[in-house]
Structures are given as C-alpha cells and as structure tokens.
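Asker: model the following, please.
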Amino acid sequence: MADPAGEADGGALRLDFDRRVMLRFHGSAITSDGGLLAYRELDDVLALTTSGGERLAEARTGRNRRHLLVGLLRQSVFGRLAGYEDVNDADRLCRDPAMRWVVGGKAPMDRAASASQMGRFETEWLAGPENLAALADLPGQWIDAVHKRRQPRVVVLDMDSSESPTYGAQEGSAYNGHFGCTCYHPLFVFNQLGDLERCALRSGNVHSAASWREVLEPVVARYRGTVKRCCFRGDAAFANPEIYEFLEAEGMGYAIRLPANRVLQDKIGYLLKRPVGRPPQEVRRYYASFRYQAGSWTKPRRVVAKVEWHPGELYPRVGFIVTNLARPAERLVAFYNHRGTCEQYIKEGKGAVKWTRLSCRSFAANAVRLQLHALAYNLGNFMRTLAIPKTAEPWS
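Answerer: Model (predicted):
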C-alpha cells in the first residue's frame, strides 16, 4: 500500500537538532504547533538560543534544577512565536509534544516548564540588571550570527517609536497626548531586511527621540568597520543636531525629515505658486536642493524639498529632508520614503508577535517581555529571509 502522505519512503522523518524526534502520522500524540520544529532547526543551525542561554546569569541558588536557562529561554521565545504570549499558556504548553522537543534537555521525556516556573524566569531571574542588559544585546548578536552566512555590503538603519497601550497600573506607564492613550513608548531600530537590531522600553510620556543614543550607539558600534556603507533614516522626531553630529562623526549617511518653517518655505517660494493654466488631473512633483543652517546647527547642511500638487487640493504638500548624501533630489526622496517600511515591521510585531502585551506590574518585567517578543520576531524574520523560497519572500 502506498504511503498515505504520498511519499515513496514510508519511514519516519527525523530532525537534525535531535535525532530522537520522529514525525509520524500517529493520532495518540498530536500537536497543533508542529511548525515550531522548523524554527528549532533554524535555531540549531545558527546556535541562537544556545548562545543566548550562555550569556544569561544563573539566578537560581538551589541544585534541583529541572530545566536549564537555555531551555527556559527557548520556551519563552518559541511560545511567543507560536502566539502564546502569556505565561499562563505554559500550563498547556508544558505537555505539548512539539514544545517539549523544542525546549530540549529533560523536557522531551517529561514535560516543559510550568506556568509558575516561567513566571519566575521572566519576572524575577531575567528582570535583574545583568540579565536585562544581556537580553537587550541578544537581538544584535543573533543578527551578527545571520550575517556570517549572509554578509551585507550596505546596512540601512531605520529608527522609530511606537505605543504599547496599558490598561492597569503598570509602573512607568503614562498618558501620551500624541497617541491619545495611557501607554508605554518603546523605541525600535530595524535594518533594511526587517531585522530588529535593538529596542528599549520607555515611559509613556517621553519624547519620541528620548534615549536615542542608548539604543542607536550600540548598533552603530557593531557595524563599525564591518560593512562598506551604513545609512540612517528617521522621521521629524529625530531632527536633532546631536544626532546629525553623531552620524557624521561615525561616517554614516543619513536622511531625516525636517519640520517646515518660514525660512525653508522661503527657499522654495517659487515652487509654492499654483501652476499656470487648468488644474492638472495627475499629481505633479517638483524637487529642490539647497544649503541651510538652523540657529542650533554648527554648520550648513544640505536640505532636499519635495512639493506635490494634487488634483482637487488648493495647497501643495511640502516636505523637507536634511541629509549628507550626494544623491539627486528625486532619488534621495525615494530613498527616504522606504523608511515607511519600518512602520510596517512594527505593525507585524504588534499583530503577529503581540509585543504590546506588557501586562506585568513592574517596569523591568515588562522590559523583559518586550525583549523576548523582539527575539521571537527576529527568529520569524530569519526564517522568512533565509529559508523560505524566493516566491514566498513577499508574504507577511
């Protein structure tokens, strides 16, 4: 009789990270999260969670340790990747066949960590200053491991902030007038492939660019001397002369949105007059490039302006970008516009990985949760960019 799966070989499939795992059609032991095994294979090839567990400090004092730190880290990351963002889900996941093999160690023959064990791991052991700092560095270290197999010549960094609404008395949450809610206000740095280079949890009422140096500088230091060119893009919240000077000192190119003012508008006054004749039925775009020095700047810098006349609109849409790149104005604007992809990455993190679920009472515990969500997001993105066929690359 032919194999019911249509395969010529009726034997059980085995996985490289643990040859004891067999994939068979057997109804008595079944899981709905079998896809995690493919991610565990990728994790094993790149040694991601293994290296992460080695960098965490052991906070347990007893000798009766059922699970290693690397196993607990795997359960936290892979659970979030599968859509189980709450610690309470561990009570079911600890018996799940796929999760037990993902965790490794003694779990395959027994069970993975329970909800109480995972709660202590995430809210106590990882919330210490040493482990929290190690967690913040892990996304960059994982990306470096990927780059050893796929070394980029050019790296483009996009920085943006977002909101994580809160609904209780979480430490550090505050009302943010821009978002119109009580929230945390995390800061993110992505590269052009969608990998999350670094993130940081911040209080809800801080400025969008607050703590930019603590987040951006470690990322820039990792790429110093390792890539041919490194560029930075940011919206108007990052139009800060300190950021310009930092990027220029690092030899990085940048394109940052510049808030409009009267001086800038006077520079392109000839483009702000309505075109002569009937209103056009299509969008008309005009570009300008000029030197400009604000009062807080130590030197003049290049500014590129884009003016768009849209059918049915009385006034044009005007935007300014400050840059040190020498590209033509139209190409520079096109380069900056790709910054919007960073906002789509943030939406994927919110929708797919649920990294807005920061429901612990303490700020440190919520910072840990954000970092664990970031690791789960990166693992999913590595699968998309490294292992999925070219035809499926555009899929979300």
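
Asker: okay, CA-based contacts and neighbour counts for the rest of this
Answerer: Fine.

Asker: for the stretch 251-396 of the chain, give me the ranges with low pLDDT.
Answerer: Per-residue confidence for the stretch 251-396 of the chain (pLDDT under 70) gives these ranges: 391-396.

Asker: could you pull out the strands in it for me?
Answerer: Listed from the start of the chain, the stretch 251-396 of the chain has strands (DSSP state E, counting those that start in this stretch) covering 253-258, 284-292, 301-309, 317-323.

Asker: these: which one's closest to residue 362?
Answerer: Evaluated over the strands of the stretch 251-396 of the chain, closeness to residue 362 peaks at strand 253-258, with 34.6 Å, by Cα to Cα.

Asker: who's in contact with the residue lying closest to residue 235 once chain neighbours are set aside?
Answerer: If the residues on either side of it in the chain are set aside, residue 235 comes closest to residue 257, at 4.8 Å by Cα to Cα, 6 or more residues apart in numbering. For residue 257, the contacting residues are 234-236, 238-239, 319-322, taking Cα atoms under 8 Å, 6 or more residues apart in numbering as the criterion.

Asker: what does residue 260 give?
Answerer: Each residue near residue 260 by Cα under 8 Å, 6+ apart is listed here: 319-320.

Asker: cool, and the one 10 residues further on?
Answerer: Taking Cα under 8 Å, 6+ apart, we find residue 270 in contact with no residue.

Asker: how near is it to residue 333?
Answerer: 20 Å (Cα to Cα, to the nearest Å).

Asker: what does residue 262 give?
Answerer: With the distance defined as Cα to Cα, residue 262 ends up 21 Å from residue 333.

Asker: and if you look at residue 43?
Answerer: Residue 43 is 38 Å from residue 333, where distance means Cα to Cα.

Asker: what does residue 250 give?
Answerer: Relative to residue 333, residue 250 is positioned 23 Å away (Cα to Cα).

Asker: look at those two and report which has more neighbours.
Answerer: Of the pair residue 250 and residue 333, residue 333 is the one with more neighbours under other Cα atoms under 10 Å, namely 20 against 14.

Asker: next, work out how far apart that one and residue 111 are.
Answerer: Remark: distance between residue 333 and residue 111 (Cα to Cα) = 54 Å.

Asker: care to break this structure down by domain?
Answerer: Segmentation of the chain into domains, based on automatic domain parsing, reads 15-125, 254-338.

Asker: count of neighbours near residue 125?
Answerer: One way to gauge burial is a neighbour count; for residue 125, by other Cα under 10 Å, it gives 22.

Asker: so which of the strands of the stretch 251-396 of the chain is the most surrounded?
Answerer: Between the strands of the stretch 251-396 of the chain, strand 253-258 has the highest mean count of neighbours, a mean of 22, where neighbours are mean count of other Cα atoms under 10 Å.

Asker: burial count for residue 273?
Answerer: Neighbour count for residue 273, taken as other Cα under 10 Å: 10.

Asker: kindly apply the preceding question to residue 330 instead.
Answerer: Using other Cα under 10 Å, residue 330 is surrounded by 16 other residues.

Asker: from what I can see it touches residue 305, true?
Answerer: No. Because the distance of 9.3 Å does not satisfy Cα atoms under 8 Å, residue 330 is recorded as not touching residue 305.

Asker: find residues that contact each of these two.
Answerer: Jointly contacting residue 330 and residue 305 under the rule Cα under 8 Å, 6+ apart are residue 287.

Asker: could you pull out the helices for the stretch 251-396 of the chain?
Answerer: For the stretch 251-396 of the chain, the helices defined by DSSP state H, counting those that start in this stretch occupy 262-267, 329-337, 340-348, 363-382.

Asker: try the stretch 101-250 of the chain
Answerer: For the stretch 101-250 of the chain, the helices defined by DSSP H, counting those that start in this stretch cover 115-120, 129-147, 212-223, 241-249.

Asker: what does the second one contact?
Answerer: Under the criterion Cα under 8 Å, 6+ apart, residues 46, 48, 52, 55-57, 125-126, 195-200, 219, 364, 367-368, 371-372, 374-375, 378, 382 lie in contact with helix 129-147.

Asker: report the buried residues of that helix.
Answerer: Of the residues in helix 129-147, those with enough neighbours to count as buried (16 or more other Cα atoms under 10 Å) are 131-132, 134-145.

Asker: residues contacting stretch 356-372, please?
Answerer: Contacts with stretch 356-372, where a contact means Cα under 8 Å, 6+ apart, come from 76-77, 80, 85, 122-124, 126-128, 132, 135-136, 163-166, 168-172, 199-201, 350, 355.
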